[in-house]
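here are the coordinates; sequence isn't available:
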């Protein structure tokens, strides 16, 4: 059985979700971003308890097909931004078609209608939040961040950052209180 879980966006989320399945004695085959495969069907009573436990941590088991697709898109985009094994030359639409199993125009239309934002704009917002995170860590230069996130240049990253936040990256770094959004609120 495969369950789709809303708001799983990081490895810590995987750990929390796996723990909730373990607490109920539900054997998992795999726990990935937004998706959990179990060894057997889950009895309705256990599914209800699992849903309650997951909600306590900000997660939700998705029942609706369109919501499942949207969550798959979100998780794919998070992987594109946060995991370094996605090649820069890969086309975003190809990645989504391969991971979701639907044609891109269908995915794009559904995402835009449901979320009120295009996939591309959502990806830009995710990337900018990642840039903020890396600027706060202060371990990489702006050019290293641009390279890490597959920006074509530091200037392009800076322009996009300013367009989205209203601030230059260097001004953002100087702020005493740096504002970031949790990934599930982007």
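Done, it's in. On a predicted model such as this, the values are computed, not experimentally measured, just so you know.

Assign the residue nearest the centre of the chain to helix, strand or coil.
When CA atoms, centre = their mean is applied to the chain, the residue found nearest the centroid is residue 78 (3.1 Å). Put simply, residue 78 is helix when judged by DSSP: H, G, I helix; E, B strand; the rest coil.

and if you look at residue 29?
Look at residue 29: counting by three-state DSSP, its state is strand.

That one - nearest residue in space that isn't next to it in sequence?
With CB to CB, 6 or more residues apart in numbering as the criterion, residue 29 has its nearest non-adjacent residue at 4.3 Å, and that residue is residue 37. From N, CA and C alone the C-beta is placed, and that goes for glycine too.

Please report the distance of that neighbour from residue 26.
11 Å (CB to CB, to the nearest Å).

re earlier: residues touching the residue nearest to the centre of the chain, list them.
Going by CB atoms under 8 Å, 6 or more residues apart in numbering, residue 78 touches 9-10, 33, 126, 183.

Residue 168: how many residues sit nearby?
Residues contacting residue 168 under the criterion other CB atoms under 10 Å number 14.

Please report phi then psi for it.
phi -80, psi 160 (degrees, to the nearest 10).

just residue 103 next, same as before
Per degrees, to the nearest 10, the backbone of residue 103 is at phi -70, psi 150.

Now do it, the pLDDT please.
On pLDDT, residue 103 comes in at 94.

Now for it: which residues touch it?
Per CB under 8 Å, 6+ apart, neighbours of residue 103: residue 97.

again, but for the one 5 residues further on
Residue 108 makes contact with 93, 118-119 under the criterion CB under 8 Å, 6+ apart.

Go again with 7 Å.
residue 119 (CB atoms under 7 Å, 6 or more residues apart in numbering).
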